[in-house]
Structure formats: C-alpha cells, structure tokens
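In: Just the structure for this:
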Amino acid sequence: MIELDRSMSMTNPGKRILGKCMDMCPESEVQFRKAHNLLTVFERLSQQTTSGDKTKCVKEFRRSAAGEKLDNPLHLRPAPVLLQTTTYLLKEVVYSSEYPFRTVYDFVFDRLRSVRQDLSIQEIQFHEPRVACNILEKCIRFYLYARFIIASQAIRSIDLHIHRTQTQHCLQTLIGIYRTQLTEDSKSETLQNAPEFISIYILSNLGSNHVLFEVLTNFRHHVRFTYPLDISLTMSLSYIHNNMVRIYKCIEKLIADSHTAIILSLTDALGECHTKVLDILSNSHSSKTLTFSCDHLRSWLLVKNANDVQTLCEAHGFQVGTDCQVRFFKSDFRKVPKSMACLSLISTGDENKLLQM
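Out: Sure thing, here's the model as predicted:
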C-alpha cells in the first residue's frame with residue numbers, strides 16, 4: 001500500500017531541517033561551477049559567452065557521497081523557492097526553441113530531481129503538503145509532456161527506464177500525500193487535483209492489479225466515483241478483461257473533455273492497446289478473401305493520420321493493399337517494434353499548454 005513513511009525521509013529524527021538558501025542555486029555551487037566552467041547553456045548570460053547569470057543558475061542533483069552532507073541548511077531551498085524554481089524551469093526553459101529537446105530535457109530532468117531531493121530532505125510533504133503537491137504535480141506534468149515528445153520525435157538517446165522510474169516515484173509520493181490529507185481533512189485544497197493525478201497513476205500502470213488494489217483500498221467511495229477517476233478505473237478494469245471497445249470510448253470522452261495530462265499518461269500503454277486490437281482482429285477477421293477498411297480501423301484506434309494506420313498494420317505483419325484495405329491472417333500477426341511507438345500517440349492539441357497550469 002501507499003504510505004508516507006517519516007522514518008525513511010528523516011535525516012535527523014526529532015528535528016526538522018529548514019532550508020535557508022533563497023536562490024535557485026546556492027552561492028557556493030554557483031562559484032564552483034563558474035570556476036570549473038560547468039555552467040550549462042541555460043545558465044549563461046548569452047550563447048556567445050561562458051559567463052554565468054546567477055539568476056538563471058539552478059542547483060544540480062547530487063548523490064550522497066563520503067564527506068558531503070546533503071542536509072546543510074545553507075544549501076537547501078525552502079518550499080517557496082522550490083516552487084519558484086519548478087515554475088521557472090517549466091515556463092522559461094522547457095519551451096526553448098534554441099536547443100534540441102534532448103538538451104532541454106537533460107537540464108530540466110536533473111534540476112527537477114534536485115528540487116524533489118530538497119523537498120524530501122526537509123520533509124515538506126509532511127509539513128507543507130499543499131506546496132509539496134503543487135511541486136510534484138508540476139513535475140509529473142513535465143514527465144508526461146517529455147514522454148510524449150520523446151515518442152513523437154522518436155528520440156532514442158534518452159533512457160526511458162530512468163524516466164519511467166522517476167515518474168512513478170513522483171506519482172507514488174503524491175498519491176501518498178493525497179491519502180494522508182484525505183484522512184485528516186477531506187475538503188483540503190491540497191486535494192483539488194487528486195482525481196486527475198490518481199487517474200494518471202492508474203493509466204500509467206494500465207491493467208496493473210497492484211495499482212488497482214492500492215487505489216481501491218486507500219481511497220473511499222466518494223473519491224473513487226469522482227470524474228475522471230471513475231472513468232480511469234473503468235479503463236483499467238476493461239484492459240484486464242480485454243474490453244478494448246470500452247477503453248477507446250473512454251479515451252474519446254477524455255479527449256472531448258480536454259484531459260490532456262491523462263491522455264499523455266497513456267503514451268506507453270496505447271501501443272499495447274493497439275496491438276491487442278490488431279491481435280483480436282487477426283483472429284476474428286482472418287480470411288483469404290475478405291479485407292478490412294483502414295479508414296474504419298483509423299476511427300477505432302483514434303489515429304488521425306491514415307498513413308500511420310497503414311504503417312502500424314504493416315509493422316504487425318499485415319498486408320495493406322493500394323485500396324487501403326487490410327488483409328488479416330492469424331499467422332501473420334507479430335508484436336509491434338518499440339520503434340513504432342510514435343504511431344500509437346493520441347494528441348489533444350493542447351500538449352504545449354500542459355506545463356502552464
């Protein structure tokens with residue numbers, strides 16, 4: 001079950017650590033990185049110079065090492081500064097058009113990890129849950145947006161395992177705060193976005209019995225039947241029962257209601273959903289004489305581009321004629337390569353607005 005365990009996050013039991021650094025990056029780190037030419041392109045005065053801009057420097061993520069204390073208050077940023085830093089990264093850096101997304105991703109991913117590290121060391125999730133939720137929700141929106149861009153641009157140099165691990169860790173921490181707040185105050189403002197982000201947790205683990213059990217046991221009836229959480233639970237149960245028609249109908253409703261973050265949480269799962277549909281059709285419509293319309297399949301799978309449907313079918317081993325008709329044979333079916341993930345994307349058209357929330 002999801003629990004927020006104080007004993008695991010407390011570096012100094014019995015005494016809370018309060019950060020005293022009021023800048024996005026401690027002065028000592030700024031000077032060290034300036035002296036060793038370690039400032040990134042996002043922390044310099046301009047592209048033409050290596051001189052740093054203190055107002056743009058953001059604290060790096062660091063692992064604990066011998067002789068180095070991570071809980072030095074002078075190097076820790078308090079909750080308001082962490083929120084300010086997160087907002088700066090998402091609004092001023094992520095949409096930078098001067099550099100490739102891989103460069104932007106590496107910088108923002110590392111700095112958000114540092115933000116979450118400072119948050120954990122100071123136990124802000126216990127003492128200031130509303131601010132902690134705000135920060136974690138923004139982090140999750142970035143992870144979802146980044147996963148969508150990685151798939152749509154077919155970027156293969158980013159480690160998706162690390163990306164997914166950090167996304168799940170962030171989600172689990174956030175869900176733990178929601179659970180604690182529901183126990184203490186069911187009307188807390190901290191819970192305003194709870195249905196949306198619990199839905200994201202469910203759909204980013206679509207069909208997981210473990211996640212379903214966590215949600216059903218940790219959240220009461222009045223929470224579980226709040227939209228869009230209710231529809232996300234329906235989708236996960238439908239996936240387990242191979243009811244793909246219901247899943248796509250639910251996705252259509254989420255798109256109509258502009259739930260962009262929830263749709264993006266399906267980026268990894270949609271490929272598997274498409275594969276399941278084609279596997280079912282290869283059994284139910286296997287024929288030497290009959291064919292299936294690509295246009296019908298496109299509308300079922302909610303794919304906007306007809307050429308993508310053809311490529312998707314061919315990637316699964318099926319032949320597509322010049323008349324855009326698919327010929328299904330059970331023996332031809334094969335799992336889709338991971339490199340075809342970009343064909344499984346569903347866009348709401350509002351992805352670029354996601355991080356402004």
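In: now the stretch 1-150 of the chain, which segments are flagged as low pLDDT?
Out: For the stretch 1-150 of the chain, the stretches with pLDDT under 70 are 1-14, 47-50, 66-67.
In: just the helices in it please.
Out: Shown for the stretch 1-150 of the chain, the helices assigned by DSSP state H, counting those that start in this stretch span residues 6-9, 27-35, 79-88, 101-121, 124-127, 129-152.
In: Work out the gap between the second one and the centre of the chain.
Out: Mean-position distance between helix 27-35 and its chain equals 32 Å (CA atoms, centre = their mean, to the nearest Å).
In: Report the buried residues of it.
Out: Within helix 27-35, the residues scored as buried using 16 or more other CB atoms under 10 Å are 29-30, 33-34. Where you see a C-beta, it was placed from the backbone N, CA and C, and this is true even at glycine.
In: now the fifth one
Out: Residues of helix 124-127 classed as buried by neighbour count (16+ other CB under 10 Å): 124-125.
In: That one packs against which elements?
Out: helix 129-152, helix 160-184 (3 or more CB pairs under 8 Å, 6 or more residues apart in numbering; DSSP states H and E).
In: Those helices into a markdown table, with extra columns for mean neighbour count?
Out: Output for the helices and strands packed on helix 124-127, formatted as a markdown table (neighbours: other CB atoms under 10 Å):
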| stretch | mean neighbour count |
| --- | --- |
| helix 129-152 | 22 |
| helix 160-184 | 17 |
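In: Could you dump the helices of the stretch 1-150 of the chain into JSON lines with distance to S282 added?
Out: Shown next, in JSON lines, are the helices of the stretch 1-150 of the chain (distance: least, CB to CB, whole Å):
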{"stretch": "helix 6-9", "distance to S282": "48"}
{"stretch": "helix 27-35", "distance to S282": "56"}
{"stretch": "helix 79-88", "distance to S282": "46"}
{"stretch": "helix 101-121", "distance to S282": "36"}
{"stretch": "helix 124-127", "distance to S282": "47"}
{"stretch": "helix 129-152", "distance to S282": "24"}
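In: Please tell me how far the residue nearest the centre of the chain sits from F42.
Out: Note on the chain: the residue nearest the mean C-alpha position is L144, at 2.9 Å, using CA atoms, centre = their mean. Using CB to CB, to the nearest Å, L144 is found at 21 Å from F42.
In: same deal with T183?
Out: Distance, T183 to F42, using CB to CB: 41 Å.
In: next one: I17
Out: As defined by CB to CB, I17 lies at a distance of 28 Å from F42.
In: Between those two, which is the more surrounded one?
Out: More crowded of I17 and F42, by other CB atoms under 10 Å: F42, with 20 against 17.
In: what's near enough to touch that one?
Out: Neighbouring residues of F42 by CB atoms under 8 Å, 6 or more residues apart in numbering: 56, 58, 93, 96, 107.
In: Now the two most distant members of those.
Out: Within these, V58 and S96 form the most distant pair, 13.7 Å apart (CB to CB).
In: what ranges do the helices span in the stretch 251-357 of the chain?
Out: Under DSSP H, counting those that start in this stretch, the stretch 251-357 of the chain gives helices at 260-264, 267-284, 294-301, 306-315.
In: May I see those helices arranged in a markdown table, with mean pLDDT, distance to T167 and mean neighbour count as well?
Out: Formatted as a markdown table, these follow (pLDDT from 0 to 100; distance: least, CB to CB, whole Å; neighbours: other CB atoms under 10 Å):
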| stretch | mean pLDDT | distance to T167 | mean neighbour count |
| --- | --- | --- | --- |
| helix 260-264 | 93 | 11 | 25 |
| helix 267-284 | 91 | 10 | 19 |
| helix 294-301 | 91 | 25 | 17 |
| helix 306-315 | 87 | 25 | 18 |
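In: And the ones you listed: which comes nearest P195?
Out: Nearest to P195, of all the helices of the stretch 251-357 of the chain, is helix 260-264, at 9.7 Å by CB to CB.
In: Just the CA trace of the closest one, in CSV.
Out: Listed next in CSV are the C-alpha coordinates belonging to helix 260-264 (Å, rounded to 0.1, in the frame of the first residue of the first chain):
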residue,chain,number,x,y,z
THR,A,260,-4.5,16.4,-21.8
ALA,A,261,-2.4,15.1,-18.9
ILE,A,262,-4.5,12.0,-18.5
ILE,A,263,-4.3,11.3,-22.2
LEU,A,264,-0.5,11.7,-22.2
